[in-house]
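[1] Sequence first, then the predicted structure:
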Amino acid sequence: MYLGFYPETVDRQKIAWIGTLLTDTALSWHLHRYRDLGDTDTWVNYSAAIRAEYHNDREAADAQQKLGQLQYQGCIRTYITELWSLNNFARANGEGLREKVDLAMTDAILDMRFSQNEGEFTDDDDFLHATYRAGIQVEKRKALRATRELVRAAAPPKTEAPRKTQSSKPTNTEEKPKDHPQRGTSRTDCKTQYNQPSHWASKDAALAGVPAKEQ
């Protein structure tokens, strides 16, 4: 892609620039080829030779295995990006691809996707896009829930107003007068200082036993 911006670059420059990007055994391979061919090497032959030398015959199988092991780790953007990268080599599609994605998702994302979409998906891109949108919504709700919990935790505790205690003495009620004996009754429980009842049936009875000085 880089060299595509510079079509005027000659083969010798392309090969030399690629050589500066290589390391370890790939760099040793490059230097050995340069010692053998020097500037007579061509870009067509060099690019074909390096692809043949380092092509991984198990590239598709390895990508397929990694695709099956790929799990959602809390970021739907990261998952979809890694999925696309692996699937460039694995070439999974249809039910096989969708099964791997469904097994990697959480219940919350699957529930969200089913609630947002009715019917079956006929295209893999539509399926992945719907899964992506559902994941974004679930992650937004999770972030909002965490923010609300932090706000609640930081809020000062509520204090209850003191409750009014009801007096044992009834309000708005008149105090009952003390129990005094009624007139005209004969009571013997109340006594005068002369050991006489406090109420009498007649005046003589009232003055009985009282010294004349006190009558």
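    Good, I have the coordinates. Numbers count the residues shown, from 1 in each chain.
[2] what's the distance between the residue positioned nearest the centre of the chain and Cys75?
    The residue at the geometric middle of the chain, judged as the C-alpha nearest the mean C-alpha position with CA atoms, centre = their mean, is Lys142 (3.5 Å). With the distance defined as CB to CB, to the nearest Å, Lys142 ends up 11 Å from Cys75. Every residue, glycine included, has its C-beta placed from N, CA and C.
[3] cool, and His55?
    Separation of His55 from Cys75 (CB to CB): 32 Å.
[4] out of the two, which sits in the busier spot?
    Ranked by neighbour count (other CB atoms under 10 Å), His55 and Cys75 place Cys75 first, with 12 against 8.
[5] Tell me where the chain has strands.
    Per DSSP state E, the chain has no strands. Nothing in it meets that criterion.
[6] average pLDDT across the longest helix along the chain?
    Once the chain is assigned using DSSP state H, the helix that runs over the most residues is helix 124-154. Averaging pLDDT along helix 124-154 yields 95.
[7] Then stretch 32-43?
    94.
[8] just how off-centre is that stretch within its chain?
    For stretch 32-43, the separation from the chain centroid amounts to 59 Å (computed by CA atoms, centre = their mean, to the nearest Å).
[9] Return the alpha-carbon coordinates of that stretch using CSV.
    Written as CSV, here are the backbone C-alpha positions of stretch 32-43 (Å, rounded to 0.1, in the frame of the first residue of the first chain):
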residue,chain,number,x,y,z
HIS,A,32,21.4,-14.0,1.5
ARG,A,33,19.2,-13.3,-1.6
TYR,A,34,20.8,-9.9,-2.1
ARG,A,35,24.3,-11.4,-2.0
ASP,A,36,23.3,-13.9,-4.7
LEU,A,37,21.4,-11.6,-7.0
GLY,A,38,22.4,-8.0,-6.0
ASP,A,39,20.7,-5.3,-8.1
THR,A,40,19.7,-7.8,-10.8
ASP,A,41,16.7,-8.9,-8.6
THR,A,42,13.3,-7.7,-9.7
TRP,A,43,10.4,-6.7,-7.6
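[10] what residues does that stretch touch?
    Applying CB atoms under 8 Å, 6 or more residues apart in numbering, the external contacts of stretch 32-43 come out as 11-12, 14-15, 19, 46, 49.
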